[in-house]
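Peer 1: Here is my input; please provide its structure:
(one chain, ligands or ions: 2)
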Amino acid sequence: MTKLSVNINKIATLRNARGHNRPNLLQAARDIERFGAQGITVHPRPDERHIRYQDVRDLKAVVSTELNVEGNPTPDFLDLVREVRPEQVTLVPDAPDAITSNAGWNTVQHQDYLRSIVADLKSLGCRVSIFLDPVPELVQAAATTGTDRIELYTEDYARHYHAGPEAALRPYREAAAVARQLGLGLNAGHDLDLDNLAYMHHNLPGLQEVSIGHALVCDALYLGLENTVQLYRRCLSGLKSEK
Ligand SMILES: CC(=O)[C@@H](O)[C@H](O)COP(=O)(O)O
Ligand SMILES: NCC(=O)COP(=O)(O)O
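Peer 2: Ligands and ions are numbered 1, 2, ... in the order given. This is a model prediction of the structure:
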């Protein structure tokens, strides 16, 4: 089964636009779980432009599925996850001023650094995932860090999906096969949506979790949050998804 973890960054963006508590992020997380999500993902950034560090602390107390916290393991980020101990930490090498995640780890170059971070996080009881491009050498180097899973960075898949899904997914299938041989778990995310998700799910064996935020929150403006979460779940179930 491929689990749906909903990234609620953009709900926090909307809240922060007015400085009050509407929409209520914690209530949204509870509702998203009630509507069928199997996890909640957040990616606190150093400028706290959407998810604030305090949100992560508060979410830990209300999320009843799995909390996945993404980010670059800076000292502040590591202090936060040491305190909160989410079920999963996804390491993403974003620059502080990145508009959104725009690259995966070079696991070959940063192998030793990642190995020590992974060991630290695993000692807290967190599952660890490393965000990377679908390149076999990067998957092999990730495996040497001791990480539990990798998260394949799916922006390229999403960008090329409409020109030809099979070609767009090919590098991901190859990377997933290497991950499988090495005993690594498999997550995927970035720019997944109602058009491209079902094809990925049906054609990428072993996919354990997708984290989806931007498109899902945009869809919810038109379709409603409950309906939208269920449509995304349907893409992961084998049933055909009609909007
Ligand atoms: C890791 C990743 O792929 C990102 O998509 C991310 O978590 C989203 O971040 P923003 O919501 O800041 O664009
Ligand atoms: N890890 C990817 C994620 O959490 C959400 O990415 P996006 O759907 O907002 O592009």
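Peer 1: Buried residues of the longest helix along the chain, list them for me.
Peer 2: Counting by DSSP state H, the longest helix found in the chain is helix 165-181. Buried residues in helix 165-181, counted by 16 or more other CB atoms under 10 Å: Pro165, Ala168, Leu169, Pro171, Tyr172, Ala175, Ala176, Val178, Ala179. C-beta coordinates here come from the backbone N, C-alpha and C atoms, glycine included.
Peer 1: what about the helices in this protein?
Peer 2: 9-16, 25-34, 53-62, 75-84, 111-123, 136-143, 155-160, 165-181, 197-203, 214-223, 225-235.
Peer 1: Please identify which of these is closest to ligand 1.
Peer 2: The minimum distance between ligand 1 and those falls on helix 9-16, with 3.5 Å, by CB to the nearest ligand atom.
Peer 1: Would that closest one count as contacting ligand 1?
Peer 2: Yes - judged by CB under 6 Å from any ligand atom, helix 9-16 and ligand 1 are in contact via Asn9.
Peer 1: Quickly list what the residue nearest the centre of the chain is bridged to.
Peer 2: Nearest to the mean C-alpha position of the chain, by CA atoms, centre = their mean, lies Ser211 at 3.7 Å. Under DSSP bridges, the beta-bridge partners of Ser211 are Ser5, Gly189.
Peer 1: list the contacts for it?
Peer 2: Ser5, Val6, Asn7, Gly39, Thr41, Asn68, Glu70, Thr90, Glu151, Asn187, Gly189 (CB atoms under 8 Å, 6 or more residues apart in numbering).
Peer 1: so who does the last one touch?
Peer 2: Just to be clear, that refers to Gly189. So Gly189 contacts Asn7, Thr41, Phe131, Glu151, Leu152, Tyr153, Thr154, Val210, Ser211, Ile212 (CB under 8 Å, 6+ apart).
Peer 1: Then the first one?
Peer 2: Ser5 sits next to Ala37, Gln38, Gly39, Ile40, Thr41, Thr65, Glu66, Asn68, Glu209, Val210, Ser211, Ile212 when contact means CB under 8 Å, 6+ apart.
Peer 1: residues in contact with the fourth one?
Peer 2: Contacts of Ile40 were listed using CB under 8 Å, 6+ apart, and they are Ser5, Val6, Ile8, Ala29, Ile32, Glu33, Leu59, Val63, Thr65, Glu66, Leu67, Asn68.
Peer 1: Repeat the analysis, applying 10 Å as the threshold.
Peer 2: Counting by CB atoms under 10 Å, 6 or more residues apart in numbering, Ile40 makes contact with 5-8, 25, 28-30, 32-33, 59, 62-69, 86-87, 211.
Peer 1: neighbours around the nearest residue to Glu83 once chain neighbours are set aside, how many?
Peer 2: Nearest non-adjacent residue to Glu83, counting by CB to CB, 6 or more residues apart in numbering: Arg57, 7.0 Å away. Number of residues near Arg57 (other CB atoms under 10 Å) recorded here: 12.
Peer 1: Perfect, I'm done here.
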